[in-house]
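A.B. asks: This is a predicted model, with the sequence first.
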Amino acid sequence: TGIMGVMGKLPWQGSGDIYTEPQGRYSIEIPEVWVLGEETGEYARFDSEDPVSFFTLALEEDSMETGFKRAVEILDFEEDLLGDDVAIASFGNWYLVMAEDSDGRAHGFSGQKIEENVYVFIVRANEPGVNPESVAVFQVLASAQLEGAEEIIYESFDQVELLVQENLAPLQGSVSIALYHEGKLIYTYTYGEVDPTVGTLADSDTIYPWGSMSKIITATAAMQLVEQDLVDLDVSPHVYVPEFPEEWDVTVRDMFTHAGCLDESRDRVSDRWITTGTGEFPPLDEVMIDYTTEFPELACEPGQLASYSNPHYLVLGSIIESVSGQSFEEYIAENLLVPLGMKNAHYSFDPANSQFARLNVAKWQGASMVDRVNQNAPISADELIISTGDNFLVMDPFRVLASWGGTYSTVGDVGQFLNLHLNGGLDINGQPILQPEAIAQMQEMQFANDGDELGLGLGWWHGEDTLGSFVYHAGSVSAGEALMRIYPEQD
């Protein structure tokens with residue numbers, strides 16, 4: 001989800017205990033849901049009632065790759081968990097890797113390299129099918145105080161632009177940024193090449209993939225149906241989607257908050273629903289049948305934690321199709337994209353349209369992506385690759401399932417959508433397409449069955465930084481990141 005690139009202090013920080021590594025090289029705030037399970041001279045392990053454990057290590061290693069691999073040895077994980085070529089993603093100062101062991105248990109590696117120390121944080125699902133990403137994990141990482149780390153405060157747009165240029169210079173690709181206040185665009189910046197094969201530069205008309213930011217469009221559309229009393233948040237999705245198993249004790253609300261424990265193994269779910277930019281997907285009810293056949297049981301006890309999983313938004317998309325009688329994409333276009341003036345928003349890719357940003361993938365990362373597509377998707381990666389250079393692959397954008405990650409648009413269209421959530425639900429003509437009460441409900445904190453905060457609203461994630469409280473959603477594709485964030489108190 002790209003979440004690591006957007007970590008800020010979370011609203012409930014200060015409620016947990018501070019854990020300091022025995023040598024004093026780092027400290028982290030541990031939320032109440034975590035307890036120290038084991039501490040050795042090399043690592044600490046924290047456990048919770050949920051089927052997830054969290055590990056922390058500080059190692060003297062030359063690189064993040066050697067640090068991650070050394071951590072695997074120390075913790076006695078599967079020897080080949082990370083493989084020979086580790087596909088490490090980076091977000092700011094953080095480095096990330098996701099991996100599954102042979103039993104299907106997901107592992108999320110994150111860390112920083114500061115001077116001679118490599119700081120490694122690992123969250124592991126103790127049961128197959130459970131996504132270990134959770135608000136508690138993000139709280140720990142957001143609180144990390146690492147020896148030798150410098151706090152950098154950017155006080156001007158010029159400093160932000162210099163940061164972009166310095167970080168993008170060694171890479172291929174582009175960046176587009178937009179800042180809105182009180183419904184008006186007050187700052188925009190673009191940099192880099194959207195298609196290095198022909199030298200096309202990024203501008204305000206460049207179209208990027210949203211990735212999982214698309215889930216907020218899905219959540220907003222579903223809330224329109226809730227507001228019209230066509231959908232009840234607190235009944236089973238089976239009421240609206242007969243293909244959804246009636247015996248699964250979950251609610252529509254659980255779909256918004258990822259608390260439904262819907263199983264997701266990336267190779268058997270997300271990677272299966274990839275096609276070319278002009279390819280087509282079957283109706284979502286058929287995708288639901290495929291999913292529930294592959295995963296006949298829930299991954300954990302629903303309603304206990306937010307375990308991020310794309311299939312939750314497959315269900316919401318299926319509800320939209322079933323209740324509206326339209327295809328998901330038709331409903332979204334008619335009820336959101338057109339009223340909001342999102343003229344450059346798409347769910348497919350036109351190869352002839354030079355506005356679309358091509359995917360510029362580091363060659364080492366691209367090799368892993370090519371393998372995944374070839375092994376799991378119904379297409380060949382050769383259908384996506386435009387050119388192969390010494391260090392990078394250039395690829396056409398590809399389609400993923402619309403309801404969980406398939407939107408493409410300009411950064412200006414993102415702003416048009418966010419204004420809906422700042423102006424009380426009005427479209428570009430001042431007409432309501434969602435009532436203020438529904439907008440507020442989407443942003444309100446949601447709770448687990450035991451009363452604990454889930455860290456999410458109805459689709460939105462919650463965060464806080466020096467500017468105040470915000471709601472946000474991030475998205476990622478194999479070659480890029482997207483982020484939208486709203487500060488409701490700041491307009």
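C.D. replies: Cool, got the structure. This structure is a prediction, so every number in the text was calculated from the model and none was measured. Numbers count the residues shown, from 1 in each chain.
A.B. asks: what are the ranges of the strands in the stretch 351-491 of the chain?
C.D. replies: Taking DSSP state E, counting those that start in this stretch to define them, one finds strands in the stretch 351-491 of the chain at 359-362, 385-388, 392-395, 398-400, 408-409, 461-465, 468-477, 480-486.
A.B. asks: tell me the mean pLDDT for the shortest one?
C.D. replies: Mean per-residue pLDDT for strand 408-409: 94.
A.B. asks: Identify all contacting residues around that strand.
C.D. replies: 207-210, 342, 344-349, 356, 397 (CB atoms under 8 Å, 6 or more residues apart in numbering). The C-beta positions use only the backbone N, C-alpha and C, and glycine is treated the same way.
A.B. asks: nearest to I18, of those?
C.D. replies: Distance to I18, by CB to CB, is smallest for W210 among those, at 36.8 Å.
A.B. asks: show me what contacts G148?
C.D. replies: Counting by CB under 8 Å, 6+ apart, G148 touches 114-115, 117.
A.B. asks: Of the strands of the stretch 351-491 of the chain, which is nearest G199?
C.D. replies: Closest of those to G199 is strand 392-395, at 11.9 Å (criterion: CB to CB).
A.B. asks: Got the confidence number for M7?
C.D. replies: 35.
A.B. asks: same question, Y487
C.D. replies: 93.
A.B. asks: and it, how far is that from D465?
C.D. replies: For Y487, the distance to D465 equals 9 Å [CB to CB, to the nearest Å].
A.B. asks: on that earlier part again, separate out the buried members of the contacts of strand 408-409.
C.D. replies: Buried subset of those (neighbour count, 16 or more other CB atoms under 10 Å): 207-210, 342, 344-349, 356, 397.
A.B. asks: Can you tell me which of the residues you listed comes closest to P237?
C.D. replies: Y347 (22.5 Å).
A.B. asks: what's near enough to touch that closest one?
C.D. replies: 329, 332, 399, 402, 406-408 are the contacts of Y347 under CB under 8 Å, 6+ apart.
A.B. asks: so of the residues you listed, which ones are in helices?
C.D. replies: Per DSSP state H, helices hold the following members of these: 329, 332, 402.
A.B. asks: hang on, the first one packs against L401?
C.D. replies: No: with contact defined as CB atoms under 8 Å, E329 and L401 do not form a contacting pair (10.8 Å).
A.B. asks: if you count what's nearby, which of those two comes out ahead?
C.D. replies: L401 (24 against 19; other CB atoms under 10 Å).
A.B. asks: Please report how far the residue lying closest to D205 once chain neighbours are set aside lies from I186.
C.D. replies: Closest residue in space to D205, ignoring its immediate chain neighbours: Q355 at 5.2 Å, by CB to CB, 6 or more residues apart in numbering. Distance of Q355 to I186, computed by CB to CB: 23 Å.
A.B. asks: just N117 next, same as before
C.D. replies: For N117, the distance to I186 equals 40 Å [CB to CB].
A.B. asks: Next: S110.
C.D. replies: Distance, S110 to I186, using CB to CB: 33 Å.
A.B. asks: More neighbours: these two, which one.
C.D. replies: The neighbour comparison of S110 against I186 (other CB under 10 Å) goes to S110, with 25 against 9.
A.B. asks: Let me see the contact set for the more buried one.
C.D. replies: Contacts for S110 were tallied using CB under 8 Å, 6+ apart; they are 4, 94-96, 120-122, 141.
A.B. asks: Which of the residues you listed fall within strands?
C.D. replies: Among the contacts of S110, the members falling in strands (DSSP state E) are 94-96, 120-122.
A.B. asks: Any idea which helix or strand in the chain has the lowest mean pLDDT?
C.D. replies: The weakest-scoring helix or strand in the chain, judged by mean pLDDT, DSSP states H and E, is strand 89-91 (a mean of 67).
A.B. asks: which residue packs closest to E161, ignoring adjacent ones?
C.D. replies: Spatial nearest neighbour of E161, chain neighbours left out: Y189 (5.8 Å); criterion: CB to CB, 6+ apart.
A.B. asks: got the residue ranges for the helices in this structure?
C.D. replies: Secondary structure of the chain (DSSP H): helices at 64-74, 135-142, 157-168, 214-227, 252-257, 284-294, 311-324, 328-332, 363-376, 402-405, 411-420, 436-443.
A.B. asks: so which of those gets nearest G37?
C.D. replies: With CB to CB as the criterion, G37 lies closest to helix 135-142 of the helices of the chain, at 14.1 Å.
A.B. asks: ok, back up a step: most surrounded residue in the contacts of Y347?
C.D. replies: For the contacts of Y347, neighbours were counted using other CB under 10 Å, and T407 has the most, 30 neighbours in all.
A.B. asks: is it true that that residue touches I216?
C.D. replies: No: shown here, T407 and I216 do not form a contact pair, counting by CB under 8 Å, at 9.5 Å.
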